[in-house]
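Trainee: Provided below for reference: sequence and predicted model.
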Amino acid sequence: MRAGDELPPLEIPITRTLIVAGALASRDYQDVHHDAELAGEKGSPDIFMNILTTNGLVGRYITDYLTGHIGPHCTLRKVAIRLGAPNYPGDTMVLRGTVTAVDGDTAQIRVTGANGLGHHVTGTVTVVLGAAR
């Protein structure tokens, strides 16, 4: 792994099931994540994905790549993300990553996730490229 390496993109269809299941799994019972009518009353055109689901998808994207290319002994050290455009049902989010730095067994990967409205998520993931213990 070297600075400048690009991870292959990952397309994630944004379904109602994914949005609601992610909210329930993370115990986020805010109505904007499961009730379209109440979300509409609050000014949203539909339900939308919560940040914890997005965080999990970013983590999955990185760990799936690392497991397939580096091995199973890598660790997420830090995930720092910021949300932008909402993920609504019927859209697709495309995650992309670029290795920005490698220092010994630690690497930083810049991650973006875009949908039809723009960037849903941007951030940096720090990983430790460890060996079996």
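Mentor: Perfect, I can see it now.

Trainee: leaving out sequence neighbours, find the closest residue to the residue nearest to the spatial centre of the chain.
Mentor: Central residue of the chain (CA atoms, centre = their mean): residue 58, 2.5 Å from the mean position. Among residues not flanking residue 58 along the chain, residue 111 sits closest, at 5.6 Å (CB to CB, 6 or more residues apart in numbering). Quick note: C-beta positions are derived from backbone N, CA and C, even for glycine.

Trainee: identify the residues contacting the one you found.
Mentor: The contact partners of residue 111, taken as CB atoms under 8 Å, 6 or more residues apart in numbering, are 58, 61-62, 81, 95-97, 121-125.

Trainee: where's the residue lying closest to residue 106 once chain neighbours are set aside relative to residue 77, distance?
Mentor: Nearest residue to residue 106, sequence neighbours excluded (CB to CB, 6+ apart): residue 128, at 5.6 Å. As judged by CB to CB, to the nearest Å, residue 128 and residue 77 stand 5 Å apart.

Trainee: what's the overlap in contacts for these two?
Mentor: Common neighbours of residue 128 and residue 77 (CB under 8 Å, 6+ apart) are residue 106.

Trainee: more neighbours: which of those two?
Mentor: Neighbour comparison, residue 128 and residue 77: the larger count goes to residue 128, with 15 against 12 (by other CB atoms under 10 Å).
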